[in-house]
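>>> Predicted model and sequence below, questions to follow.
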Amino acid sequence: MGCGTYPSIANLGKATNKLTTLSIFPASSIAHVGDNISFTAQGESAGDSAACSWSSSNDQMLAATGQGTFLANSPGNVTITAACAQQTATSTVVVLQSGYTAPITIKTGGRYSGRWESLDPTVPAVTIKTDEQVTIEDSVVTGPGNLIVAGGEKSGLHLVIQNVIGIGVDPRIPNKARGSFLTASTANSIDVNHCSMQGVSFGVSLRDSTPTYLNISNNIASDMDDRASDGNGGSLLYRPLLGHFVQVGRVKAISAATIAWNEVINTPGKASVEDIINIYNSSGESAANPLQIHDNYLQGAFSAGNSNYTGGGIITDGGSNDPQQADGFVDIYNNQVVQTANYGIGINSGHDIKVRNNRVVSCGKDKSGNWLATTWSNGYALWNGYNTNQFYNNEIIANAGGLIRPNASGDPMRADIWTPALSIPLDNSVQNNQFLAGGISAPTQLDEQNERIAWDAKLLQNGQTLGADANVQP
């Protein structure tokens with residue numbers, strides 16, 4: 001028995017005895033309501049695709065019309081199954097509403113709503129080029145590349161994205177990866193709230209800015225994928241650009257910055273992401289006014305098929321000996337990290353970083369009992385990974401949970417915390433952390449499941465809602 005896996009928010013269906021000798025082309029695809037979409041079975045036992053039995057996980061959305069052809073009737077996520085010579089294989093389909101418009105470029109401020117789709121991985125669905133206030137709301141964006149790309153000019157970008165669905169799709173070009181939900185630079189103010197992101201390689205990438213305001217809150221992301229396409233609807237192990245739900249890179253002295261109340265759920269075997277939240281050579285304004293990362297639920301930090309995985313839940317990253325460039329003034333608290341193949345929460349660089357009152361719970365395996373965790377996984381880490389002189393006044397305090405990883409022999413072992421940079425002279429401290437009681441088998445699948453239950457209860461108790469509302473449909 002394995003010890004933990006859960007359905008993603010964007011449930012793409014359940015595979016049935018998928019064997020290596022039978023496959024479906026394409027392995028994943030996108031269609032619009034009203035489209036006919038055809039599939040072929042490939043493999044040594046497949047024979048004539050017309051002789052196979054074809055079925056849909058939801059006939060209301062995607063109905064079989066015979067011989068591997070389906071009619072898209074309504075939007076949603078569907079799995080089709082081919083049964084040939086007592087073997088089965090599956091393919092996933094995202095059905096979108098018809099009525100998408102071509103990519104748009106915004107050069108003046110205002111409020112914008114629409115349904116924008118790019119078919120070219122080099123062309124964003126939405127491009128923003130102005131310092132004026134722009135709000136994108138009640139919208140859907142989709143495509144095989146970056147969905148929204150925004151850059152300020154002189155005074156800096158002022159951008160609000162709210163109640164927006166973003167769907168990343170396979171670019172169908174060998175060695176080309178999917179794009180981001182939002183890539184922004186030269187920003188003065190960024191607010192991304194109540195959005196839903198599916199199948200993107202990046203959620204929000206904010207770079208090279210000195211903003212006065214940053215808010216990334218109440219968003220949902222599911223099955224993020226930073227692997228390159230094989231050109232045939234499948235994925236390679238190659239990852240051209242390591243993906244993150246949020247990366248704040250070279251963003252300095254943010255006077256008001258919050259990353260909170262977000263939910264990320266990735267499914268083993270489908271998803272690939274590096275650090276879910278990565279703070280790279282970035283900082284809050286001061287110890288009294290830090291960059292706050294709190295009350296996020298992050299489940300599934302791994303890369304499918306990658307045995308040398310270096311990502312995890314939340315990390316400060318990017319070594320610099322320059323006080324103006326190093327990470328600093330970050331407060332990480334009340335987060336939950338569940339099911340990680342490497343670390344849970346790590347202070348890997350910077351100064352004045354607080355990790356407090358978080359929970360990391362990972363049993364290290366998928367539902368089939370295969371190891372997700374690497375032999376160097378740890379729940380929490382205090383490590384001057386870049387060996388800089390800007391690593392001081394950091395603390396890991398009053399955290400909880402537990403993590404299991406394989407030892408060198410492949411047997412389970414506890415690895416709750418690793419603190420090689422613990423230092424009294426540098427005021428790097430670790431204290432009052434409480435980890436799950438029990439023997440070598442803890443934490444268990446039940447512990448992982450309980451974290452999700454606790455998260456749902458916390459949302460209800462605090463009146464928090466997540467993602468785009470029901471009035472926005474893909």
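Cool, the structure landed.
>>> pLDDT below threshold where in the stretch 301-450 of the chain?
Applying pLDDT under 70 to the stretch 301-450 of the chain flags no residue at all.
>>> Strands of that one, start to end?
Applying DSSP state E, counting those that start in this stretch to the stretch 301-450 of the chain gives strands spanning 312-317, 328-333, 336-340, 343-347, 351-356, 359-362, 380-382, 395-397, 400-406, 412-414, 417-418, 429-431, 434-435.
>>> Disregarding residues adjacent in the polypeptide, which is nearest to the residue of the chain most remote from its centre?
What lies farthest from the middle of the chain is residue 51; by CA atoms, centre = their mean that is 39.1 Å. Nearest non-adjacent residue to residue 51, counting by CB to CB, 6 or more residues apart in numbering: residue 84, 7.1 Å away. Where you see a C-beta, it was placed from the backbone N, CA and C, and this is true even at glycine.
>>> and residue 433, how many neighbours?
19 (other CB atoms under 10 Å).
>>> and the residue nearest to it when sequence neighbours are not counted, what does it touch?
Setting aside the residues directly before and after it, residue 433 is nearest to residue 399 in space (CB to CB, 6+ apart), at 4.8 Å. Contact analysis of residue 399 by CB atoms under 8 Å, 6 or more residues apart in numbering lists 345, 355-360, 380, 433-434.
>>> phi, psi of residue 399?
phi -100, psi 170 (degrees, to the nearest 10).
>>> circling back to that earlier point, tell me the bridge partners for the residue nearest to residue 51.
Note on residue 84: beta-bridge partners residue 87, judged by DSSP bridges.
>>> And for it, the neighbour number?
Residues near residue 84, counting by other CB under 10 Å: 22.
>>> Domain ranges for this protein, per the record?
Following automatic domain parsing, the chain resolves into domains at 23-96, 104-461.
>>> if we can go back for a sec, for the strands of the stretch 301-450 of the chain, could you give me TSV that also reports mean neighbour count and distance to residue 43?
Formatted as TSV, those follow (neighbours: other CB atoms under 10 Å; distance: least, CB to CB, whole Å):
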stretch	mean neighbour count	distance to residue 43
strand 312-317	28	36
strand 328-333	24	47
strand 336-340	28	32
strand 343-347	29	39
strand 351-356	23	49
strand 359-362	28	35
strand 380-382	25	44
strand 395-397	19	50
strand 400-406	22	33
strand 412-414	18	36
strand 417-418	20	45
strand 429-431	14	53
strand 434-435	15	47
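>>> could I get those strands as CSV with distance to residue 452?
Below are the strands of the stretch 301-450 of the chain laid out as CSV (distance: least, CB to CB, whole Å):
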stretch, distance to residue 452
strand 312-317, 15
strand 328-333, 19
strand 336-340, 7
strand 343-347, 16
strand 351-356, 22
strand 359-362, 10
strand 380-382, 20
strand 395-397, 24
strand 400-406, 14
strand 412-414, 22
strand 417-418, 23
strand 429-431, 27
strand 434-435, 19
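>>> just the helices in the chain please.
Using DSSP state H, the helices found in the chain span residues 445-461.
>>> Settle this for me: residue 402 is touching residue 435, isn't it.
Yes. Contact criterion CB atoms under 8 Å: residue 402 and residue 435 qualify, at 4.9 Å.
>>> my read: residue 56 touches residue 63, true?
Yes. Counting by CB under 8 Å, residue 56 touches residue 63, with 6.4 Å between them.
>>> any residues in contact with both of these two?
Common neighbours of residue 56 and residue 63 (CB under 8 Å, 6+ apart) are residue 70.
>>> So those two - more neighbours on which side?
residue 56 (19 against 15).
>>> Please report the distance of the more buried one from residue 199.
Per CB to CB, to the nearest Å, residue 56 is found 20 Å from residue 199.
>>> from what I can see residue 42 touches residue 23, true?
Yes. Using CB under 8 Å, residue 42 is in contact with residue 23, at 5.1 Å.
>>> Name the residue in those two with the higher neighbour count.
A direct count of neighbours by other CB under 10 Å for residue 42 and residue 23 places residue 23 higher, at 22 against 16.
>>> show me what contacts the more buried one?
41-43, 89.
>>> again, only using 6 Å
42-43, 89 (CB atoms under 6 Å, 6 or more residues apart in numbering).
>>> Check residue 397 too.
Taking CB under 6 Å, 6+ apart as the test, what residue 397 contacts is 356, 431-432.
>>> between those residues, which is nearest residue 208?
residue 356 (29.5 Å; CB to CB).
>>> before we move on, the earlier item: anything in contact with each of residue 402 and residue 435?
Common neighbours of residue 402 and residue 435 (CB under 6 Å, 6+ apart) are residue 416.
>>> List of residues touching stretch 428-445?
The contact list for stretch 428-445 (CB under 6 Å, 6+ apart) reads 3-4, 361, 363, 394-400, 402, 412, 416, 419, 421-422.
>>> Start and end of it, how far apart?
Distance across stretch 428-445, first residue to last, is 33 Å (CA to CA, to the nearest Å).
>>> got it, and stretch 62-70?
End residues of stretch 62-70 are separated by 6 Å (CA to CA).
>>> what about it, distance to the chain center?
32 Å (CA atoms, centre = their mean, to the nearest Å).
>>> What are the buried residues along it?
62, 64, 68, 70 (16 or more other CB atoms under 10 Å).
>>> ok, so of these, who is nearest residue 244?
Distances from residue 244 to the buried residues of stretch 62-70, taken by CB to CB, are shortest for residue 62, at 31.8 Å.
>>> burial of residue 104, as a residue count?
When neighbours are counted by other CB under 10 Å, residue 104 comes out with 16.
>>> list the contacts for it?
Residue 104 neighbours (CB under 6 Å, 6+ apart): 116, 126.
>>> mind checking how far it is from residue 120?
14 Å.
>>> what touches both of these two?
With CB under 6 Å, 6+ apart, residue 104 and residue 120 have no common neighbours.
>>> I'd like the contacts of residue 397 laid out as JSON lines, including distance to residue 466.
Below are these laid out as JSON lines (distance: CB to CB, whole Å):
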{"residue": "356", "distance to residue 466": "24"}
{"residue": "431", "distance to residue 466": "33"}
{"residue": "432", "distance to residue 466": "31"}
